[in-house]
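K.L.:
Fold the following, please.
(one chain, ligands or ions: 1)
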Amino acid sequence: MKLIVANWKAYVATAKEAERIAKKIAQVKIKKSTTVVVCPPFVFLAAVKKKIGRTVRLGAQDVFWKESGPYTGAITPDMLKGVGVGTVIVGHSERRQHFSESDDIIRKKVDMALAGGFDVIICVGEREREDKKAVPESVGEQTRAALTGISKGALARITIAYEPIWAIGTGVSDTPNDALSAAIYIRKVVSEMFGAAQATMLKVLYGGSVDSRNIRDFVLQEGIDGVLVGRASTDKEEFAKMLASL
Ligand code: PGA
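P.N.:
Below you'll find the model as predicted:
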């Protein structure tokens, strides 16, 4: 099963536009072997849910790490469940950078999301590779920090998205080979933590400037379980083309 995640970030500003994109996605004939998760901004979740049809899943770009209480502006697991969200993204590099999210906060969010019954996509980023042959240690550190203490059972609901920071929103994607070596490295870290069987089961995505020209190069790799698409997923014609190409 391949997983395609559309992360709209803050590119879509109106409910009308959100609905238009969702409607277009619902019209695409998607293979049974492909799961599509659409993650609009919070305020458009309900509108998008109505338009995406039954097979496309609804995801959220973030979740707060407390259940309820005096937390102005926070979006909690119950709020997300109430509008039909089944998947949440945690630890995106933009959250780490612009919202000062630490490994510790991300870890709390992972716990809260798992307790809430969601599938969780944990993003791990990397800065420039100094040595193109080696995946930076930061990818391993972020993976370890996010997964320490998680139960083996819960791991089945976790997906790791490998996203080189320099490839996000730049139009310059990683090479499929380097993305694959990062996926292998992440599985090695998970194998050390949880055992080989768990590492083999773990889903690993690639994210960073995926579009209709390169999506197949990543998705069709055996060791890569899908992609996380940012900007290109908000261009409805482009994203429909991407889905139809798989
Ligand atoms: P992008 O974003 O596709 O716009 O590069 C990817 C991501 O942040 O996951």
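K.L.:
Please name every helix or strand in contact with the one helix or strand residue 227 maps to.
P.N.:
Following DSSP states H and E, one finds residue 227 within strand 226-229. Contact partners of strand 226-229 among helices and strands, from 3 or more CB pairs under 8 Å, 6 or more residues apart in numbering; DSSP states H and E: strand 2-7, strand 203-207, helix 215-219. Where C-beta positions appear, they are placed from N, C-alpha and C, glycine not excepted.
K.L.:
Let's see that with 10 Å instead.
P.N.:
With contacts taken as 3 or more CB pairs under 10 Å, 6 or more residues apart in numbering; DSSP states H and E, strand 226-229 sits against strand 2-7, strand 34-39, strand 119-126, strand 158-164, strand 203-207, helix 215-219, helix 236-244.
K.L.:
Switch the ones you listed over to CSV; also include mean neighbour count.
P.N.:
CSV is the format used below for these (neighbours: other CB atoms under 10 Å):
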stretch, mean neighbour count
strand 2-7, 23
strand 34-39, 23
strand 119-126, 24
strand 158-164, 26
strand 203-207, 26
helix 215-219, 20
helix 236-244, 18
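K.L.:
among those, which is nearest the ligand?
P.N.:
Smallest distance to the ligand across those (CB to the nearest ligand atom): 3.4 Å, for strand 203-207.
K.L.:
partners of that closest one, with directions?
P.N.:
Strand 203-207 has the following strand partners under DSSP bridges: strand 158-164 (parallel), strand 226-229 (parallel).
K.L.:
can I get those strands in a markdown table with distance to the ligand and mean pLDDT?
P.N.:
Shown next, in a markdown table, are the strands paired with strand 203-207 (distance: least, CB to the nearest ligand atom, whole Å; pLDDT from 0 to 100):
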| stretch | distance to the ligand | mean pLDDT |
| --- | --- | --- |
| strand 158-164 | 5 | 96 |
| strand 226-229 | 4 | 98 |
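K.L.:
mind checking how far the strand holding residue 227 is from the chain centre?
P.N.:
Put simply, strand 226-229 sits 7 Å off its chain's centre (CA atoms, centre = their mean, to the nearest Å).
K.L.:
Just the CA coordinates for that strand, please, in PDB.
P.N.:
The C-alpha trace of strand 226-229 is given here as PDB (Å, rounded to 0.1, in the frame of the first residue of the first chain):
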ATOM      1  CA  GLY A 226       4.800   7.100  -0.400                       C
ATOM      2  CA  VAL A 227       5.200  10.800  -0.400                       C
ATOM      3  CA  LEU A 228       4.200  13.900   1.500                       C
ATOM      4  CA  VAL A 229       3.300  16.700  -1.000                       C
END
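K.L.:
and the gap between residue 153 and residue 202?
P.N.:
Computed as CB to CB, to the nearest Å, the residue 153 to residue 202 distance reads 13 Å.
K.L.:
how about the residues of this structure near the ligand?
P.N.:
Neighbours of the ligand within the chain, by CB under 6 Å from any ligand atom: 7, 163, 168-169, 207-210, 228-232.
K.L.:
Serialize the residues you listed to TSV and add fields for distance to residue 141.
P.N.:
Formatted as TSV, those follow (distance: CB to CB, whole Å):
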residue	distance to residue 141
7	23
163	15
168	19
169	23
207	18
208	19
209	24
210	24
228	20
229	25
230	23
231	27
232	29
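K.L.:
There's contact between residue 88 and residue 76 in this structure, I believe.
P.N.:
No - assessed by CB atoms under 10 Å, residue 88 is found out of contact with residue 76, at 11.1 Å.
K.L.:
Would you mind telling me which of these two has the busier surroundings?
P.N.:
Higher neighbour count among residue 88 and residue 76: residue 88, with 26 against 18, using other CB atoms under 10 Å.
K.L.:
one step back: indicate which one of the strands paired with strand 203-207 is closest to residue 51.
P.N.:
Residue 51 lies closest to strand 226-229 among these, at 18.4 Å (CB to CB).
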